[in-house]
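Engineer: I would like the atomic coordinates for the input below:
(one chain, ligands or ions: 2)
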Amino acid sequence: MATPHISAAKGDFAPDVLMPGDPRRAKRIAETFFDDPKLVTEVRGILGYTGTFNDKPVSVIASGMGVPSMAIYATELARYYGVKRIVRVGTIGAMAPHLKLGDVIAASSAHTDSAMTARWVPGVSLSHAPDFGLLRKAVEYGESSGKRIHVGPIFTGDSFYNSDPSVQPALLMHGTLGVDMEAAGLYALALREGFAALMVGTVSDLPGADMTARERETTFADMVSFGLAAFQ
Ligand SMILES: O=P(O)(O)O[C@H]1O[C@H](CO)[C@@H](O)[C@H]1O
Ligand SMILES: O=c1cc[nH]c(=O)[nH]1
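Structural biologist: Ligands and ions are numbered 1, 2, ... in the order given. Modelled structure (predicted):
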């Protein structure tokens with residue numbers, strides 16, 4: 001069984017899936033963290049792998065960038081491959097001034113200007129929040145390992161460029177830690193499609209300091225450890 005966007009056979013994906021935006025980050029995660037990783041799909045260059053971690057099956061597949069792309073993969077994984085838990089392992093642009101490059105954030109909620117969920121319940125702004133069990137496991141891993149994780153709201157934007165400049169100060173005033181382009185959509189889809197979701201991210205951009213493309217691809221070990229710990 002394949003879907004329009006995933007060529008894997010039924011059973012090729014584990015119930016637990018890590019989901020970075022970048023296909024090359026997916027490959028690195030599989031090669032670095034998984035035992036016996038196998039490529040299970042590469043349609044459109046969106047790489048997906050399944051292996052084991054701590055003797056349990058686990059998969060990783062890229063989402064591409066933005067809510068619409070992520071939504072295709074998350075929906076097909078849940079509907080056709082029986083995926084039960086998805087942890088996004090992404091990069092985040094910092095808004096809060098106390099954050100530094102490389103810091104790890106778990107999104108306890110995600111505000112959004114994405115149109116995808118805006119009309120799902122007419123007249124209502126839906127809350128976009130993670131699965132409590134996944135978030136709790138990630139936080140517990142931080143406590144037991146001594147690795148720091150910032151927990152708080154982020155903003156999922158539809159635009160990487162040309163967003164309204166007044167939005168970021170207003171979001172910061174309301175406690176928003178940073179910005180990505182998928183988390184809110186993932187949280188909303190999780191409720192609709194019946195899987196559990198969490199977003200863990202690495203700060204890759206600060207006002208005045210950005211990671212290179214290479215650093216974005218490679219600076220991921222801590223957030224992946226948090227993501228894998230959430231599944232344990
Ligand atoms: O690094 P990834 O996981 O792709 O995440 C962030 O990076 C991309 C923008 O550069 C968007 O997808 C954003 O959410
Ligand atoms: O969406 C994103 C992700 C990383 N960095 C940004 O500035 N924006």
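Engineer: the spatially closest residue to residue 67 that is not a sequence neighbour is in what secondary structure piece?
Structural biologist: Closest residue to residue 67 apart from its sequence neighbours, by Cβ to Cβ, 6 or more residues apart in numbering: residue 185 at 3.5 Å. For the C-beta atoms, the positions are set from N, CA and C on the backbone; glycine is no exception. Taking DSSP states H and E as the definition, one finds residue 185 inside helix 183-193.
Engineer: so for the helix or strand following that helix, mean pLDDT?
Structural biologist: Counting by DSSP H and E, the element after helix 183-193 in chain order, helix or strand, is strand 196-206. Across strand 196-206, the average pLDDT comes to 96.
Engineer: so who does the residue of the chain at minimum distance from ligand 1 touch?
Structural biologist: Closest residue of the chain to ligand 1, Cβ to the nearest ligand atom: residue 21 (1.9 Å). For residue 21, the contact set (Cβ atoms under 8 Å, 6 or more residues apart in numbering) comprises 62, 63, 64, 65, 70, 90, 91, 181, 182.
Engineer: is stretch 213-224 in proximity to ligand 2?
Structural biologist: No - counting by Cβ under 6 Å from any ligand atom, ligand 2 has no neighbours in stretch 213-224; the shortest distance is 8.1 Å.
Engineer: what's the first-to-last distance across that stretch?
Structural biologist: Terminal residues of stretch 213-224 lie 18 Å apart, using Cα to Cα, to the nearest Å.
Engineer: and that stretch, what's buried?
Structural biologist: For stretch 213-224, a neighbour-count test (16 or more other Cβ atoms under 10 Å) marks 216, 217, 219, 220, 222, 223, 224 as buried.
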